[in-house]
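In: predicted model and sequence below, questions to follow.
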Amino acid sequence: MAHELIPYALFLPLLGFLINGMFGRRLKSEALIGGIGSATVGIGFLIAGWTFVEMLSLAPEERTFIVPVIDWITAGNLSVNISYQADQLSILMMLIVTGVGFLIHIYSIGYMHGDPGIGRFFAYLNLFIFAMLNLILADNFLLMFLGWEGVGLCSYLLIGFWYDRKFEKGTTGDAAKKAFIVNRIGDFGFLIAMFLIFMTFGSLSFQAVFAQASAFPAGSVVITWITIALFLGATGKSAQIPLFVWLPDAMAGPTPVSALIHAATMVTAGIYMIARCSVLFALAPTTMMIVAVVGAATAFFAATIGLVQNDIKKVLAYSTVSQLGYMFLALGVGAFTAGLFHLMTHAFFKALLFLGSGSVIHAMHEEQDIQNMGGLRKYMPITSFTFIIGTIAISGIPPLSGFFSKDEILWKTFSGGHIGLWIIGAVAAVLTAFYMTRLTILTFHGEKRWGEGKHPHESPKTMTYPLIVLAILSVIGGAVGWPAALGGNNALEHWLEPILERANNEMHLIAPGHDPMEYALMAFSVGIAVAGMFLGYTMYLKKKEMPAKLATSWPRLYRTLLNKWYVDQIYEASVVSPIQVGSEKVLWKGVDVGVIDWTVNAIARLFGFISKYARMAQTGVPETYVFVFIVGVVTIIGFLALK
Amino acid sequence: MPEQLLGDITKFLPEITLTVMFLVAICADLMFRKSPQIVAGITLTGLILSGAFVLNQSGMNESIFGNMIAVDPFAVFFKVIILMSAIFVIVFSLSSVELQTASRRLGEYYSLLGGLALGMMLMAGASNLLMMYLAIELSSVSSYILAGFTKEAPDSSEASLKYVIYGGLSSGLMLYGISIIYGLTGSLDIYEINHVLAQGSVSGSALAIAGILTLVGFGYKISAVPFHFWTPDVYEGSPITITAFLSVASKAGGFAVMIRFFKGVFIDPSATHLPEGMWASLSGFEWYHVVAAISVVTMTLGNLVALWQDNMKRLLAYSSIAHAGYMLMGVVVLSNEGLAAILVYFMVYLFMNLGAFYIVMVIANKTGSEDVEDYKGIGKRAPFLGVALTVFLISLTGLPPTAGFIGKLYLFAALLNSGWIWLAIVGALNSVISLYYYAKVLRNMYLRSEASEKKTEMIDIPRVQVATVLVLLVPVIALGLYFTPLVEMAQASVKMFGSP
Amino acid sequence: MLTEFGRVFIFLILGVVFVAGGLVFSWLIRPNRPYPSKLTTYECGEEPIGDTRVRFNIRFYVVALIFLIFDVEVVFLFPWATVFKGLGWFAFFEMMVFLVILFVGYAYVWRKGDLDWDRPTPKVPKYERGIGVREDHLMEEEVAL
């Protein structure tokens, strides 16, 4: 049946990686390279879709498939298999990853046209899909970790894809390293969590661990620590406070990469992981509170930075961080479905926005500063139109998808009694609407601010078609979570229920009912979104002198926001420099050279000394050999005799 | 009686195939003197055919020719290793420049390789002391000739002669040991000897001396210190293909026959186990102390002396002595876990050691040098070979994610589980030492550049050789990541020795 | 109680004592009056030429080895002959296989030239134009094993 094909959905991108990676330079045809890259992912999407259909035909509790591939490690108590778990949660993720991934692969054929490294590019993209599918389909923590590390590696490779280009103060290589190193901190948390899980439960398989988790009381210390360590991992991969600094720099990579990895899929791995471990998280209220607070803070914080950025991709990057914050907020208040819902809609509209920005950058010959754009609407109608749809969707105007998911998060936060968090979320929503409107207007409207010599044009069809598809998804994607309050049946929530049931029971969430408050809040959400958009419209299209005036009125605030709250500088001063100084002055010159090197060298010299004499025994004279031989035999016999 | 023999012959097919192959090969050698490739082809066919028969024997557990030879999973495992390395070595030989100096006699070379493989396969199965001795001699005599095959090179003749002298001495002592055992027990069949020993009427000290003398023969075959002196000289003097073969297959045969001897003769058949899962030995002959001591000395000396070697072949020779030391640790444990670890290690060692030797050969083909100094800049001149050699050396050191790590992991795990903690520590320290000389090669390849301008051109290697390297390289990495089937196979292969 | 090996051991000791005793005894009782011609090596009454330690041609060893191998192999025919009647055709074919193997070995040795007595090739100086002797082409000639 369909689910038995799932290993092929992983195997094909791997095959694509091998083909493009090994022969990419020899394959002359870009169409062939791109075709191989896209087709492998496309088939993966078909398999995912077929499995989904198969699931639909089954009763909800039968929708979990375990597809074993091989027994990987069997050592003592530890038994880890490579086997894939397809259930309601992972099939949702798989559809998103392969579906959006496929569109972005198609888009890349146009975007990377003429790049000499196109074979390498598609090889990396395919490897990424392979790793990402491992992450979401794994049925145990170790395999998930393998995918987790794999996507990190691909992210590193793709951020630094144009390794010889300048980026900000350094090269793209520096940005790639930053992403990799910051992620390592998070991975460390994941590793610790795995050790703790194996220690506590004696297994790494999801089913075994979650089955045993019920035996622990809510708030048990070990579960709390496990979940905190897991959440540390999630903050790294999903760019949350305090580990979000790598994501804006990750924009150094090609734009399709930003869309695929740093907006739609990889950065949502943390959300997926927490949803997957919802049983554990539900048992740790402390961690849940931390998750919610960190999420809300990140949502607000990143949105403020987004207000003043001038790089089109930077704005979107901070917007991504902010939206991821929303998802964590949802998870933290126990609204796992809402978080995953937002994950899905966000994948659609953020991929759309990134690809749109890529289309603009492509047309403007690598220009990324929105101060040098404007008026592009006439030159690139499709890009412009789809971009506006994305903007409306992310701002939360009904009936586009963003409204439903964001509203559900805010409603669940409010109804869960977290009024403070709700206020932060609402403010962030205004900011989101504002900066997205600003971005759209500065890019596509007003008069053109780009010099002669640039001839913007609409992108080729391989690029615009994915935009159109994503735009349609952004419009209608909200339907799967159409809330009951508006006469829908909230299909997504029912779909995910079997997976999240136990966590929901643990959280004692109030049953969804008809609450007049819900309608009020919905109206409020729409209101603030419209207000934010109107503000942006006014400031950047009608009263253009206002932004400058505001900047001069509050120079300190403006500079703080422009410099991203000085987080990079603070990290530099508080973490990087002390480590650098400490490692140079103390660890290197003191401990390393003085103690370790000395000891090691002394031991090495000792062995060298012994070795020098030991090898003299090998004289090359057979008489000596025979002599030593006989002495050896006699010694052994003597040894036995004396015993 | 003849029916019995005829029945046994069908279980002896792999060996018969090799014998027939050998005869056909030498006849072909006489007829087609100008084209040794024909003989190579015949030998290769024979080896592959024999391999097919060996695989057909898997699962069999019988004793043939009146308990002369055992056909059991243990023997099959070692036969597979021996045949695989023989096949690899013949493939290596086809592209060796060194051997071309003696191209007229190459036919003889290939047929002798087959004979050598036959001797080793008999070692793997022999379960009678006389059969063991004959098998060891058959392989030794073939090795002597092959070691001195390039007799135009003085090193080669010297190596061969030293090998003969040393081999003669150790076979003499071994025969002496065997004759004492025969005198004490009245039998050469290891099962009967075991039976006699179990009655407890045999003097322990005489038995110990006999056991040690027999051990000398095995120690020589696996080049354990202090019976190793021939190894560096022979390995350096022999053609590199033969060195590679001796370092893997000869050791495999030696270990097979040694393990069967000790297990068959000295282990209490009533299957009483020591608390740590080790087998109890008969007659108070606690020879695992002896083996432990030999193991420590072997690996330490092998590694220490390797530190100073500046010839790749000699370096790998000492490294192979050290590896014999590691594997002896498994014999010390002598639980099924320990033996399974040895089997795993051997399979891994086959790929990584042959791989390292092959690359040394390919580089020597092009540069004409085996000096570590001449490896400067190889990483840039031959990127593929550089990377492959790096993987092989890392695997020989025993670092993850290569197969070498898995081999060491299981060995050390077996040691720790049976309480030989000090031995495990010594083994781990030795791995650290070995890192130094392996890394020295890597440093020369990548971090040192060749001073003279002439030696910077790229080294091109034919595709066939790339493919051969890949065939060896892929398992080294694959077994490092996915090793469960190998481990299970090894565990199944030692099961017939009795539970735990 | 003496075991079988005990008897052998006693026999061994007696053997050593017998030989050593004879030598020691004769050394004790013999007169000792040496003179030069008495001390020379006995060579059938001829004047000894050079040392007794001569380097034998390596061929002797090769031939001796080949002889030994075939000689020992043929010894197997004797036990076979004694049981031949009881075993019948099976034993007959088995021995034929054995003999064929032996024969192949013999043919191999012959063909490889190991039975040829390697005569030192006379070095015939060959003069070409100019002064000097070129012998390197002689070295290239096949030197049989």
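Out: Everything's here; your move. On a predicted model such as this, the values are computed, not experimentally measured, just so you know.

In: ramachandran coordinates for A:Ser57?
Out: phi -80, psi 0 (degrees, to the nearest 10).

In: packing partners of the biggest helix by length in chain A?
Out: Using DSSP state H, we find that the single longest helix of chain A is helix A:172-201. Applying 3 or more CB pairs under 8 Å, 6 or more residues apart in numbering or on different chains; DSSP states H and E, we find helix A:172-201 packed against helix A:141-159, strand A:166-167, helix A:206-213, helix A:221-237, helix A:246-249. C-betas here are computed from N, CA, C, even on glycine.

In: let me know the angle separating it from helix A:141-159.
Out: Interaxial angle, helix A:172-201 versus helix A:141-159 (axes from the mean of the first three to the mean of the last three CA atoms, to 10 degrees): 170 degrees.

In: sticking with residue 47, tell me its helix or strand.
Out: By default, I'm working from chain A. helix A:30-56 (DSSP states H and E).

In: contacting residues for the closest residue to A:Leu89 other than its chain neighbours?
Out: Once flanking residues are discounted, A:Leu89 sits nearest to A:Ile499: 4.7 Å by CB to CB, 6 or more residues apart in numbering or on different chains. By CB atoms under 8 Å, 6 or more residues apart in numbering or on different chains, the residues touching A:Ile499 are A:Asp87, A:Gln88, A:Leu89, A:Ala275, A:Ser278.

In: from chain C, how far off is the residue in the stretch 351-500 of chain B positioned nearest to chain A?
Out: In the stretch 351-500 of chain B, the residue that lies nearest chain A is B:Thr484 (5.1 Å; CB to the nearest CB). For B:Thr484, the distance to chain C (CB to the nearest CB, to the nearest Å) stands at 45 Å.

In: and what of A:Lys454?
Out: 78 Å.

In: secondary structure class for that residue?
Out: Counting by DSSP: H, G, I helix; E, B strand; the rest coil, the backbone at A:Lys454 sits in coil.

In: neighbours of it, how many?
Out: 13 (other CB atoms under 10 Å in any protein chain shown).

In: next one: B:Leu315
Out: Per other CB under 10 Å, the neighbour tally for B:Leu315 reads 26.

In: these two touch, right, it and B:Tyr437?
Out: Yes. Look at B:Leu315 against B:Tyr437 with CB atoms under 8 Å: they come within range, at 6.2 Å.

In: got any residues that touch both of the two?
Out: With CB under 8 Å, 6+ apart, B:Leu315 and B:Tyr437 have common neighbours B:Ala306, B:Gln309.

In: now A:Phe609: phi and psi?
Out: phi -60, psi -50.

In: helices or strands up against the helix holding A:Ile47?
Out: When contacts are defined as 3+ CB pairs under 8 Å, 6+ apart, helix A:30-56 sits against helix A:6-23, helix A:88-111, helix A:118-137.

In: at 10 Å instead, please
Out: helix A:6-23, strand A:65-75, strand A:78-86, helix A:88-111, helix A:118-137, helix A:461-476, helix A:491-507 (3 or more CB pairs under 10 Å, 6 or more residues apart in numbering or on different chains; DSSP states H and E).

In: any chance of these in a markdown table with mean pLDDT as columns?
Out: Output for these, formatted as a markdown table (pLDDT from 0 to 100):
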| stretch | mean pLDDT |
| --- | --- |
| helix A:6-23 | 88 |
| strand A:65-75 | 79 |
| strand A:78-86 | 83 |
| helix A:88-111 | 90 |
| helix A:118-137 | 91 |
| helix A:461-476 | 89 |
| helix A:491-507 | 79 |
